[in-house]
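Trainee: A predicted structure for the sequence below; I have some questions about it.
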Amino acid sequence: MTDYPYMMSNNKISPIIEKIQQAARPAKFTQEFLRSLGFTSTNDRAFIPLFKKLGFLADDGTPTALYDQLKDSTTTKGILAVQIKELYSELYTINTEIHNAPDAEIKGAISRVTGKDSDAVGRMYNTFKTLCSLADFSQTTTSTSEKEEVDNHSSTPVESMIPTFKPNEFHYNIQIHLPATNDISVYNAIFKSLKDNLLM
């Protein structure tokens, strides 16, 4: 079963992102750094594992390339949408527009995917809805890994995609119509002749 991260104080997500955009990129996004941004509550600490799951921080707290897109206010909403769809991919398998679905449908999907009780589902739902409210799903921003994949494909020379033919290479298709006979020696003679004259 999937286990989605959540925050108890979801109202802090947007202010933390705003502070991230104002602050310098840290070497490691730690609890100490979070406190330096002004978020000192123990509930605020859940922001770190949440944003690790979203791909903005590595497991050791190092900001990823996606973190830079989060810092850039012109790409914040778009990259949030992309990473939400990545983290909650199983929900989007159920409904590709799950962020626009009725509350009961979203909670039902979370319940089926996670197998959690109603209290846990409610906490996951609240975090999911808060994240979705900060994202713009109409944008087509792609993550760095997806962009690199597209760039790699687009840089492939056209010539390498065209099959090559050797000018002096010939292919023969030989059809043999065997006579109807019960004498096996006839067939043996035919195949012996093929072997002697055609196979080299």
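Mentor: Received it, and whenever you're ready, just let me know what you need.
Trainee: Grab the nearest non-local neighbour of residue 94.
Mentor: The shortest distance from residue 94 to any non-neighbouring residue, by CB to CB, 6 or more residues apart in numbering, is to residue 109 (4.8 Å). C-beta coordinates here come from the backbone N, C-alpha and C atoms, glycine included.
Trainee: same check, this time on residue 123
Mentor: Once flanking residues are discounted, residue 123 sits nearest to residue 6: 4.4 Å by CB to CB, 6+ apart.
Trainee: Tell me who's in contact with that neighbour.
Mentor: Applying CB atoms under 8 Å, 6 or more residues apart in numbering to residue 6 gives the contacts 46, 50, 123-124, 126-127.
Trainee: quick check, nearest of those residues to residue 2?
Mentor: residue 124 (9.6 Å; CB to CB).
Trainee: Pretty sure the closest one sits in a helix.
Mentor: Yes: Residue 124 forms part of a helix when assessed by DSSP: H, G, I helix; E, B strand; the rest coil.
Trainee: just to revisit the earlier point, any idea how far residue 23 is from the residue nearest to residue 123?
Mentor: 24 Å (CB to CB, to the nearest Å).
Trainee: Which stretches in this protein count as helices?
Mentor: Secondary structure of the chain (DSSP state H): helices at 13-22, 31-36, 47-53, 65-71, 76-87, 89-94, 103-114, 118-133, 144-154, 184-197.
Trainee: now residue 27, nearest residue through space, not along the chain?
Mentor: That would be residue 62: by CB to CB, 6+ apart, it lies 7.2 Å from residue 27.
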